[in-house]
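In: Provided below are the primary sequence and the corresponding predicted coordinates.
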Amino acid sequence: VPLERQRSLASLIFARPLPRGHNALALFADALEQKYVRHEPLCKGTDSVTAWQDYCANGQALSQLKRCSPDALLTWTAQIVELIETDNSNGSWLQALRQEWG
């Protein structure tokens, strides 16, 4: 992975638009881990990716965000996914993400 891309991913992880421990960060982290680290198939009832997608589709949950707009959150998450999809570090970003996001 080019060093510039690693720095970009790290800077996005640390530039979280929500407070540490926010439920949206936990849902997003779980979905990223399931899809890009564990490479687990989608299973009803234990699917973190679907839980994250449901959260994003829930207008009420998104409207209750206090520190950022729904559009800002979705843009930020899309940027992280784009960098992770081209990352070849076998998920080394996950530990930094979990520590920073709570």
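Out: Alright, I've got the coordinates.
In: residue contacts, the most centrally placed residue in the chain?
Out: Closest to where the C-alpha atoms of the chain average out (C-alpha atoms, centre = their mean) is Phe28, at 3.8 Å. With contact taken as C-beta atoms under 8 Å, 6 or more residues apart in numbering, Phe28 is in contact with 52, 77. C-betas here are computed from N, CA, C, even on glycine.
In: what kind of secondary structure is it in?
Out: Of the three states, Phe28 takes helix under DSSP: H, G, I helix; E, B strand; the rest coil.
In: per-residue pLDDT of it, please?
Out: pLDDT for Phe28: 90.
In: repeat for Gly45
Out: 52.
In: what count of nearby residues applies to Gln95?
Out: Counted with other C-beta atoms under 10 Å, residues neighbouring Gln95 total 9.
In: actually, Ala31.
Out: Neighbours of Ala31 (other C-beta under 10 Å): 21.
In: please put the alpha-carbon coordinates of the helix or strand hosting it into CSV.
Out: According to DSSP states H and E, Ala31 maps onto helix 23-32. Output in CSV follows, covering the C-alpha atoms of helix 23-32 (Å, rounded to 0.1, in the frame of the first residue of the first chain):
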residue,chain,number,x,y,z
ASN,A,23,-23.3,3.9,18.1
ALA,A,24,-22.8,4.8,14.4
LEU,A,25,-19.0,4.4,14.7
ALA,A,26,-19.5,1.0,16.4
LEU,A,27,-21.9,-0.2,13.6
PHE,A,28,-19.6,1.1,10.9
ALA,A,29,-16.5,-0.5,12.5
ASP,A,30,-18.3,-3.9,12.9
ALA,A,31,-19.4,-3.8,9.2
LEU,A,32,-15.9,-3.0,8.0
